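In: Here is my input; please provide its structure:
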Amino acid sequence: MPARFRTLGGEPSGARLLLVRHGEAVCNVTGVVGGARGCTGLSDRGRAQARALGERLRVSGELGDVAATYVSPLARARETADLVGTSVPGLPPARVAPDLEELRPGEADGLTWAQLVARFGGPNWDEDPGAPLAPGGESWLAFSQRCREALEQLARAHPGERVVLFTHAGVIEHALRLVFPAPAGARLGLRTTHCSMTEVEVDGPRRRLLRYNDVAPVP
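Out: Model prediction:
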């Protein structure tokens, strides 16, 4: 079929960033703001999700071409990377990449969301995306810029290669914004599943979504 009629894209040739959201975390279940202090790792269900993903990847062999693995410094992402990595032969050891961290909460870290609102009020990012979450924390705009720069840098470092990034829902949203441009302060309202895989291709100015919310079922 001539290319001008084809709906199926060609084989990827650029950098492929495969982003894995961490499994369900204790801070997700307890309603705690999960920065470096508030994140205490995965829940039992989150560990089951990570093991299920690792088993799916072991059986499928679909990550046999991975050139490098990076992980957010937060405990829930590092634990997910460890559990998946033990199941997938040949997956490169994960290197910590600080800029793959979720939005940095500043003084709200470790509070419950109710405590955050009571103490700091909390921003309305629909009206002011430049307002920080709490003193010392990031705004939505600052978080967006950090993610964009980090993802673009990784793509430049790995032209034509696939890399795995163990990270967070917010970072995944900003990865999708590389493919689907939106106003700087806009939020996409995604529902990115725990331990799901999202893959984007970055080939210079060309950007493609290769998959989103690809998840292994938990038995």
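In: what pairs with the strand ranked longest in the chain, and is each one parallel or antiparallel?
Out: In the chain, taking DSSP state E as the definition, the longest strand is strand 206-214. The sheet places strand 206-214 alongside strand 197-203 (antiparallel), with pairing taken from DSSP bridges.
In: Enumerate the positions of the partner strand that are buried.
Out: 197-202 (16 or more other C-beta atoms under 10 Å). Backbone N, C-alpha and C define where each C-beta goes, glycine included.
In: Then stretch 48-65?
Out: Buried residues in stretch 48-65 (16+ other C-beta under 10 Å): 48-54, 56-58, 63.
In: Quick one: the helices in this protein, in order.
Out: 26-30, 44-60, 75-87, 113-120, 140-157, 169-179 (DSSP state H).
In: and the second one, what's its mean pLDDT?
Out: Same thing as helix 44-60. Averaged over helix 44-60, pLDDT sits at 96.
In: now do stretch 212-219
Out: Mean predicted confidence for stretch 212-219 is 81.
In: quick one: low-confidence parts of this protein?
Out: 1-8, 218-219 (pLDDT under 70).
In: If we use 90, what do you get?
Out: 1-13, 89, 122, 181-189, 216-219 (pLDDT under 90).
In: re earlier: so of the helices of the chain, which one's packed in deepest?
Out: Ranked by mean neighbour count under mean count of other C-beta atoms under 10 Å, those are led by helix 75-87, which reaches a mean of 23.
In: From the contact counts, what lies against that helix?
Out: If you count contacts as 3 or more C-beta pairs under 8 Å, 6 or more residues apart in numbering; DSSP states H and E, helix 75-87 packs onto strand 15-21, helix 44-60, strand 66-71, strand 94-96, strand 162-167.
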